[in-house]
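K.L.:
prediction below, plus the sequence it came from.
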Amino acid sequence: MQDIVNCLWFDGRGLEAARFYTGIFPDSRLLGQSPGPDPDVPMTVSFELGGRAFVALNGGPMFTFNEAVSFQILCDSQEEVDHYWDSLVSGGEESQCGWLKDRFGVSWQVVPTRLTELLSSGDPGVAQRVTAAFMPMKKIDLAVLEAAAAG
């Protein structure tokens, strides 16, 4: 096997989406396009996000995105959480527990790695308090999680 490529189905907005995403993630770039029946809309757009391969397929309106598939962004700091959340949610919509839909309907989870550490600390009280703190959140706030963990 050579690789696994993430293919995202769009209704004519694949190039716009690829440009949007590559403007947000480091180590990202547009790779190429293949022509479609409409000379102004490429059939596919190949791009990389964080060095991972993606294809935007302009397949038409018959399929749309839903929360059954999402992309997790594991963040090392509140600054990273803020960057990805604020960039991706622009024109989209917030959801619960670090989830959002971007302007194209793609679901993302913006998750600080510290959340996973706190939830797996081995202390059931910490896990319960942290869970109670993050469940009503939209964008995850690390300071609130740390305060909940401390009791």
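P.N.:
Cool, the structure landed. Residues are numbered from 1 along each chain as shown.
K.L.:
any idea how far the spatially most central residue of the chain is from residue 62?
P.N.:
The centre of the chain sits closest to residue 108, judged by C-alpha atoms, centre = their mean, with a distance of 3.0 Å. As judged by C-beta to C-beta, to the nearest Å, residue 108 and residue 62 stand 23 Å apart. C-beta coordinates here come from the backbone N, C-alpha and C atoms, glycine included.
K.L.:
and residue 9, by the same measure?
P.N.:
For residue 9, the distance to residue 62 (C-beta to C-beta) stands at 9 Å.
K.L.:
cool, and residue 82?
P.N.:
Residue 82 is 36 Å from residue 62, where distance means C-beta to C-beta.
K.L.:
neighbour-wise, which of the two wins?
P.N.:
Set residue 82 next to residue 62 and count neighbours by other C-beta atoms under 10 Å: residue 82 wins out with 16 against 7.
K.L.:
check contacts around that one.
P.N.:
residue 139 (C-beta atoms under 8 Å, 6 or more residues apart in numbering).
K.L.:
phi, psi for it please.
P.N.:
phi -60, psi -40 (degrees, to the nearest 10).
K.L.:
ok so, going back, give me the sheet partners of the strand or helix carrying the residue nearest to the centre of the chain and which way each runs.
P.N.:
Using DSSP states H and E, residue 108 maps to strand 107-112. Using DSSP bridges, the strands paired with strand 107-112 are strand 70-75 (parallel), strand 99-101 (antiparallel).
K.L.:
deepest-packed of the ones you listed, please.
P.N.:
Comparing the strands paired with strand 107-112 by mean neighbour count (mean count of other C-beta atoms under 10 Å), strand 99-101 ranks first with a mean of 20.
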